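Undergrad: 3D, please:
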Amino acid sequence: MTNTPGKPTKTLSIILAVVLVAVAVFAGITYSQKADLEKKVNDLTAQVTNLEGELATAKQSAEEAAAAVKKAAEEAAKALEAPKYKIAIMTGTVSQGEEEYRAAEMLKNKYPDIVITDTYPDRFAAEVETTVGKLLAFAADPEVKAIIMCQAVQGSAAAFTQIKNELKRDDILLIAGVPAEDPQTITSAADFVMGVDEINGGIQIAQTAKDWGAEWWGFS
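TA: Predicted coordinates:
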């Protein structure tokens, strides 16, 4: 067979062309794969970001729920520790006796869950029924375990007697201070009576001071 001049050059050109096509195809495949990988990486990054956001939200919700549970538990504990009794105090109005009124007011402010207060009418001698009704209203509350009446004006003995005999509230401690009714009547109705004999109170105070060692006594 006779060699034709220029044939090797043609063959070499074909080979180079094939190689270039192969390189181009390989490069195209590699670039396509790289683009696919980058897309997958971006998708995964977005998913991770979303998961992190969801985890942060879930963590915040869990913390809020835990705080709410803790607060509810504390409130429940306080409710269990809260006293289950009340002390009712009835005094005159400011115009009748400001000191006793302010004393009751101070106790109510200091112990709002325990102390409840009310006042008897300024015209207590003419409005006995009103005073009795207010005292019975105190006793109608099952949590009331003590009633302090100061001053124990007209109607105190009648109300105390009804509380014990009609309402059957023997669990209430009845205290009368500075009674305005007959001593025998009020002492039979109340559990404790204070300031029964105001007239002789001055003598008793002086005698007590002397018994305690006082050498002189003055009053103004």
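Undergrad: next helix or strand past the helix or strand containing Glu75?
TA: Here Glu75 sits within helix 7-81, counting by DSSP states H and E. Once helix 7-81 ends, the next helix or strand along the chain (criterion: DSSP H and E) is strand 86-91.
Undergrad: elements contacting that next one?
TA: Taking 3 or more CB pairs under 8 Å, 6 or more residues apart in numbering; DSSP states H and E as contact, the helices and strands that strand 86-91 lies on are helix 94-110, strand 115-119, helix 128-140, strand 144-150. Quick note: C-beta positions are derived from backbone N, CA and C, even for glycine.
Undergrad: and the strand or helix carrying Thr208, how far out from the chain middle?
TA: Taking DSSP H and E as the definition, one finds Thr208 inside helix 201-211. Relative to the chain's own centre, helix 201-211 is displaced by 47 Å; criterion: CA atoms, centre = their mean, to the nearest Å.
Undergrad: helices and strands of the protein: which one has the lowest mean pLDDT?
TA: Every helix and strand of the chain was ranked by mean pLDDT, DSSP states H and E. The lowest is helix 7-81, at a mean of 71.
Undergrad: one step back: can you redo the helices and strands packed on strand 86-91 as TSV, where the extra columns are mean pLDDT and mean neighbour count?
TA: Compiled in TSV, those are given as follows (pLDDT from 0 to 100; neighbours: other CB atoms under 10 Å):
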stretch	mean pLDDT	mean neighbour count
helix 94-110	93	14
strand 115-119	97	18
helix 128-140	97	18
strand 144-150	96	22
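Undergrad: would you confirm that Phe124 contacts Ala152?
TA: No - under the criterion of CB atoms under 8 Å, Phe124 makes no contact with Ala152, lying 10.4 Å away.
Undergrad: tell me which residues in stretch 181-194 are buried?
TA: Judged by neighbour count using 16 or more other CB atoms under 10 Å, the buried positions of stretch 181-194 are 181, 186-187, 189-190, 193.
Undergrad: next, format the residues you listed as CSV and append pLDDT.
TA: Shown next, in CSV, are the buried residues of stretch 181-194 (pLDDT from 0 to 100):
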residue, pLDDT
Glu181, 90
Ile186, 93
Thr187, 91
Ala189, 95
Ala190, 96
Val193, 93
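Undergrad: among the residues you listed, name the ones in helices.
TA: Counting by DSSP state H, the members of the buried residues of stretch 181-194 that fall within helices are 186-187, 189.
Undergrad: quick check, nearest of these to Lys145?
TA: Proximity of those to Lys145 (CB to CB) peaks at Ala189, which lies at 17.5 Å.
Undergrad: could you chop the protein up by domain?
TA: Here the chain is described, according to automatic domain parsing, as comprising the domains 13-80, 86-211.
Undergrad: just name the most buried of these.
TA: The highest average neighbour count among the domains of the chain, using mean count of other CB atoms under 10 Å, belongs to domain 86-211 at a mean of 16.
Undergrad: so how far is the first residue of it from its last?
TA: As for domain 86-211, its first-to-last residue distance stands at 37 Å under the measure CA to CA, to the nearest Å.
Undergrad: so how far is that domain from its chain's centroid?
TA: A distance of 31 Å separates the C-alpha centroid of domain 86-211 from that of its chain, computed with CA atoms, centre = their mean.
Undergrad: now render the domains of the chain as a markdown table, adding distance to Gly218.
TA: Listed next are the domains of the chain as a markdown table, based on distance: least, CB to CB, whole Å:
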| stretch | distance to Gly218 |
| --- | --- |
| domain 13-80 | 50 |
| domain 86-211 | 10 |
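Undergrad: fine by me, thanks again.
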